[in-house]
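Asker: Predicted structure and sequence below. I'll ask about it afterward.
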Amino acid sequence: MSRKILAILALFVFLYLGIGAVFHFKWISAQTACREMRRAQGEFVEPEVFGGALGLFFNMINWPIYGWANIHHDGTPFSTPCTHSRNVAPSTVRAPAETLTSSEGKAAATRPDGAAFPTVTPAPNFPMMGVHTPEDVEQYFAQWPDEHKLRLADDVVVLFTYPHPLANWVAGAIIYHIPSVSVVHLDFDGSVMTEYAHYESQAGQTHLEEILADEELLKELQAHVIGQWEQVLGKTLMTATSIPDITPEPMPTSSPAPTAQNGANTLFPMTSPNDQWQIVTRVSDPVPAEADETEQFPNGKYRVEMIVERADGSQTWTVVDEWRGYGLGWTSPQPVRWSADGHFLYFTNVPVPNGCSIFVNGGDLWRLDLNSGAVTEVASYIGLAMALSPDETQLAVNASYGRGFLIRDLATGAEQPISLPQPDSSWQIGGLQWSPDGQHLLLSQAVNPCSPEMKTAVVRIDVNELSATTLLEPDERNFTLLEWVRDDEVPLQDRDGRTWYLEVFSGELAEEETAESPASGQRQTFTSQEYGFSLQYPPGWTPVATLPNQVSLIHAGDSIALRFGVRRVTEDINLVRSGVSAGNFVPKEPVTFIGQPISSEVLVYQGKDKAVFYAQADEIARGDLVFVITLESNQLDYEAIEIPPQIQAEADAIVASAELVAPNN
């Protein structure tokens with residue numbers, strides 16, 4: 001009898017430890033994949049604490065407790081930082097989207113079946129930076145570009161984010177108290193993001209609150225952030241001197257649903273190729289959750305709308321209209337493409353991930369039937385960089401959670417992984433472009449992404465052979481892939497705005513014939529294909545067009561930028577600034593801009609020229625475009641800023657060179 005009991009106990013122990021071993025290795029595999037994904041996105045990844053034999057021992061003994069806790073918090077027994085904010089996916093097919101009709105024309109939106117509108121699964125909001133040691137922060141500070149960092153004291157440093165080709169930041173500045181690894185953030189408009197302050201000790205909180213209480217210092221920090229990120233996300237930001245109160249005001253206690261006229265920012269307006277449909281996406285500012293919503297929205301919430309309407313107003317589909325949880329980032333629905341037959345719209349929920357991810361254009365994939373309003377989930381969250389094939393049957397994606405680059409068959413769900421060349425130990429991929437016949441793909445590989453040493457390579461994928469070939473080795477010109485229209489040739493744009501053409505089978509690269517060599521000393525031409533205007537600029541200026549609704553020409557070596565805010569007359573985007581820095585305006589000679597003169601005024605403070613405002617920095621209408629033009633410096637020390645007359649004259653000439661051209665759309 002005792003032998004039977006011992007045998008049963010032995011079998012139980014064997015099964016218990018066996019399940020524990022399986023649990024351990026699957027959990028370790030998930031954690032490893034998550035760490036790889038986070039590193040690829042530019043995040044700091046904390047070192048493994050319990051690994052090897054010790055980790056195996058703990059997991060085999062305690063697997064029921066760990067598994068239960070993981071399921072309770074994240075809904076999966078193999079919880080990782082990458083699963084902390086994932087939501088449960090909705091059903092595959094939704095009922096038709098809301099239809100707006102009216103007795104005059106316009107009654108309130110209702111669902112035909114009266115049911116609650118289901119929630120679209122947003123892509124994950126990634127956690128902020130991981131857990132650092134003081135040594136980690138010092139190393140992070142040492143690696144940051146010198147012109148974008150500031151040491152306020154031995155134990156307090158500031159890291160300023162900065163416009164970089166394709167970079168995607170989540171804050172304008174990060175302030176660290178090094179000994180405690182406490183941190184606060186300044187938003188892109190210079191405001192203090194108090195809801196996301198992270199204090200690891202009382203000393204850290206005291207030090208950082210003293211920084212925020214120093215009004216003069218905070219104004220300088222805010223001025224630098226605003227100078228870097230003016231008009232980011234299509235909004236004109238307040239300058240430091242126009243901020244009435246340095247102390248952040250509490251968020252309102254009520255949270256009415258915002259509309260386009262009340263707290264919502266209109267993003268990504270888009271018209272179908274046949275001009276029959278228009279898309280408008282609106283994302284509100286975050287607000288606190290109601291008392292009964294704190295469990296669902298612990299960090300506040302924001303409203304998202306996506307509306308698709310016939311140009312003649314005869315049909316409107318409200319595709320998305322919901323509150324989403326706000327974390328250290330947000331997601332918004334964005335159009336991917338119209339179907340070839342014009343019957344469907346594909347769209348995705350694009351996240352703003354943590355750190356610097358330079359290739360982000362997707363998360364999941366949905367399809368709207370323009371005839372019925374039905375919305376179908378084509379692919380749940382899969383990765384941040386993706387592209388739909390021309391025949392709409394395959395999805396190329398840089399898959400998250402360490403799965404690498406793959407092509408998914410959308411009908412069967414089968415996935416074909418493709419091994420890519422390894423250009424360096426630190427790299428990201430994206431910018432995917434399908435060939436017109438769907439037989440090949442091009443993608444960009446960014447080496448040392450989001451650093452001054454960043455270079456990009458171009459790789460060709462053979463879809464049938466599942467093979468990859470490097471066409472361009474990592475190049476400091478940082479080429480961006482443009483739309484692939486011709487079978488054997490694809491246009492590229494370098495970081496200076498010049499256009500090149502790449503032969504996709506031989507790898508031969510040639511600059512566009514109309515572009516002039518920088519070595520010639522002649523003026524070069526920058527053309528905005530999106531909006532349809534061109535500028536000519538002399539040597540020493542570099543065009544940058546990576547921010548929405550803004551083209552900047554940066555003068556080498558002195559942080560001076562000539563900024564062109566631009567929108568179409570049909571776009572609901574405010575370009576006009578809310579305030580100016582200290583000084584008095586002194587009129588200059590008018591400048592001709594696209595056929596008509598505009599005024600020009602210098603902002604002078606303490607005898608130094610601080611900025612130049614064209615047309616008083618007000619909107620300038622030309623054709624179907626609206627511009628706001630300024631010449632300013634991003635230098636942190638406002639007292640030291642001085643824009644020389646020679647640079648002002650060159651800027652005047654650039655403004656006078658502007659011409660309207662046919663847009664590439």
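Answerer: Done, it's in.
Asker: ok now do the nearest residue in space to Asn478 that is not next to it in sequence, which residues does it touch?
Answerer: In space, and not counting its chain neighbours, Asn478 is closest to Arg495: 4.2 Å by Cβ to Cβ, 6 or more residues apart in numbering. Placement of C-beta: from N, CA and C, glycine included. Each residue near Arg495 by Cβ atoms under 8 Å, 6 or more residues apart in numbering is listed here: Pro165, Arg477, Asn478, Thr542, Val544.
Asker: Of those, which pair is most distant in space?
Answerer: Arg477 and Val544 (13.6 Å; Cβ to Cβ).
Asker: So the two - more neighbours on which side?
Answerer: Val544 (19 against 16; other Cβ atoms under 10 Å).
Asker: Could I get the pLDDT score of the closest residue to that one other than its chain neighbours?
Answerer: For Val544, ignoring the flanking residues on the chain, the nearest one in space by Cβ to Cβ, 6+ apart is Ser552 at 4.9 Å. pLDDT for Ser552: 84.
Asker: How about Pro421?
Answerer: Per-residue pLDDT puts Pro421 at 88.
Asker: can you check Phe14 too?
Answerer: pLDDT for Phe14: 82.
Asker: Would you tell me what the next helix or strand after the least confident helix or strand in the chain by mean pLDDT is?
Answerer: Taking mean pLDDT, DSSP states H and E as the measure, the chain has strand 98-99 as its least confident helix or strand, at a mean of 40. Downstream of strand 98-99, the first helix or strand assigned by DSSP states H and E is helix 134-143.
Asker: now that following helix: mean pLDDT?
Answerer: Mean predicted lDDT for helix 134-143 stands at 77.
Asker: Pull the residues that contact it.
Answerer: Phe44, His132, Lys149, Arg151, Val157, Leu159, Tyr176, Ile178, Pro179, Val181, Ser451.
Asker: Find the helix or strand that the residue nearest to Val544 is a member of.
Answerer: Using DSSP H and E, Ser552 maps to strand 550-555.
Asker: Run through who's touching that strand.
Answerer: If you take Cβ under 8 Å, 6+ apart as the criterion, strand 550-555 is touched by 163, 230-232, 526, 528, 535, 537, 540-545, 560-566, 647, 650-651, 654.
Asker: check which helix or strand covers Val628.
Answerer: Going by DSSP H and E, Val628 is part of strand 625-633.
Asker: Name every strand pairing with that strand and say which way it goes.
Answerer: Here strand 625-633 has these sheet partners by DSSP bridges: strand 560-568 (antiparallel), strand 608-614 (antiparallel), strand 620-622 (antiparallel).
Asker: Between strand 550-555 and it, find me the angle.
Answerer: Per axes from the mean of the first three to the mean of the last three Cα atoms, to 10 degrees, the angle that strand 625-633 makes with strand 550-555 is 30 degrees.
Asker: Show me what counts as buried in whichever helix or strand comes after strand 625-633.
Answerer: Following strand 625-633 in sequence order, the next helix or strand is helix 645-656 (DSSP H and E). Across helix 645-656, burial judged by 16 or more other Cβ atoms under 10 Å covers Ile647, Gln648, Glu650, Ala651, Asp652, Ile654, Val655.
Asker: Excluding chain neighbours, what is closest to the fifth one?
Answerer: So that's Asp652. Leaving aside its chain neighbours, Asp652 sits nearest to Val591 (5.1 Å; criterion: Cβ to Cβ, 6+ apart).
Asker: That neighbour: what's it in contact with?
Answerer: By Cβ under 8 Å, 6+ apart, the residues touching Val591 are Pro597, Ile598, Ser600, Tyr614, Asp652, Val655, Ala656.
Asker: Same check on Lys301?
Answerer: Ser255, Pro286, Val287, Pro288, Ala289, Glu293, Trp323, Arg324, Gly325, Tyr326.
Asker: switch the cut-off to 6 Å
Answerer: Shown in contact with Lys301 (Cβ atoms under 6 Å, 6 or more residues apart in numbering): Ala289, Trp323, Gly325, Tyr326.
Asker: For stretch 286-299, C-alpha coordinates in CSV please.
Answerer: The C-alpha coordinates for stretch 286-299 follow below in CSV (Å, rounded to 0.1, in the frame of the first residue of the first chain):
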residue,chain,number,x,y,z
PRO,A,286,-6.7,63.0,-22.9
VAL,A,287,-9.1,63.6,-20.0
PRO,A,288,-9.5,61.9,-16.6
ALA,A,289,-11.8,58.8,-16.4
GLU,A,290,-15.1,59.1,-14.7
ALA,A,291,-15.4,57.6,-11.2
ASP,A,292,-16.8,54.3,-12.4
GLU,A,293,-14.2,54.0,-15.2
THR,A,294,-10.9,54.2,-13.2
GLU,A,295,-10.4,50.4,-13.5
GLN,A,296,-10.9,50.5,-17.3
PHE,A,297,-9.0,53.8,-17.8
PRO,A,298,-6.5,54.1,-14.9
ASN,A,299,-4.4,56.7,-16.7
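Asker: Check the offset of it from the chain's centre.
Answerer: Centroid displacement of stretch 286-299 relative to its chain, using Cα atoms, centre = their mean, to the nearest Å, is 24 Å.
Asker: related to what we said a few turns ago, tell me the spacing between the residue nearest to Val544 and Ser633.
Answerer: 12 Å (Cβ to Cβ, to the nearest Å).
Asker: Ala640 now?
Answerer: Counting by Cβ to Cβ, the gap from Ala640 to Ser633 is 9 Å.
Asker: if we can go back for a sec, what's the burial count for the residue nearest to Val544?
Answerer: For Ser552, the count of nearby residues is 22 (other Cβ under 10 Å).
Asker: Would you quantify the distance from it to Tyr326?
Answerer: Computed with Cβ to Cβ, the distance linking Ser552 and Tyr326 is 29 Å.
Asker: likewise Ile407?
Answerer: As judged by Cβ to Cβ, Ile407 and Tyr326 stand 34 Å apart.
Asker: which one of those two has more residues nearby?
Answerer: Between Ile407 and Tyr326, counted using other Cβ under 10 Å, Tyr326 has the larger neighbour count: 23 against 19.
Asker: just checking, that one touches Arg303?
Answerer: No. In this structure Tyr326 lies outside contact range of Arg303 using Cβ atoms under 6 Å: 10.4 Å.
Asker: Could you single out the nearest of the buried residues of helix 645-656 to Thr348?
Answerer: For the buried residues of helix 645-656, the nearest to Thr348 is Ile654 (36.7 Å; Cβ to Cβ).
Asker: any idea where the helices of the stretch 151-300 of the chain begin and end?
Answerer: 202-213, 215-229 (DSSP state H, counting those that start in this stretch).
Asker: hey, which of those is tucked in deepest?
Answerer: helix 215-229 (a mean of 21; mean count of other Cβ atoms under 10 Å).
Asker: could you give the angle of that helix to strand 625-633?
Answerer: Using the same axes, to 10 degrees: helix 215-229 against strand 625-633 is 130 degrees.
Asker: if we can go back for a sec, so Ala640 and Ser633 - more neighbours on which side?
Answerer: Each of Ala640 and Ser633 had its neighbours counted (other Cβ under 10 Å), and the higher figure belongs to Ser633 (21 against 9).
Asker: So the more buried one sits against Ile641, correct?
Answerer: Yes. Using Cβ under 6 Å, Ser633 is in contact with Ile641, at 4.5 Å.
Asker: check contacts around the nearest residue to Glu489 once chain neighbours are set aside.
Answerer: Using Cβ to Cβ, 6+ apart and skipping the chain neighbours, the partner closest in space to Glu489 is Tyr501 (5.4 Å). Neighbour list for Tyr501: Glu489, Pro491, Ala510 [criterion: Cβ under 6 Å, 6+ apart].
Asker: Select from the residues you listed the one having the most neighbours.
Answerer: Most surrounded of those: other Cβ under 10 Å gives Pro491, at 19 neighbours.
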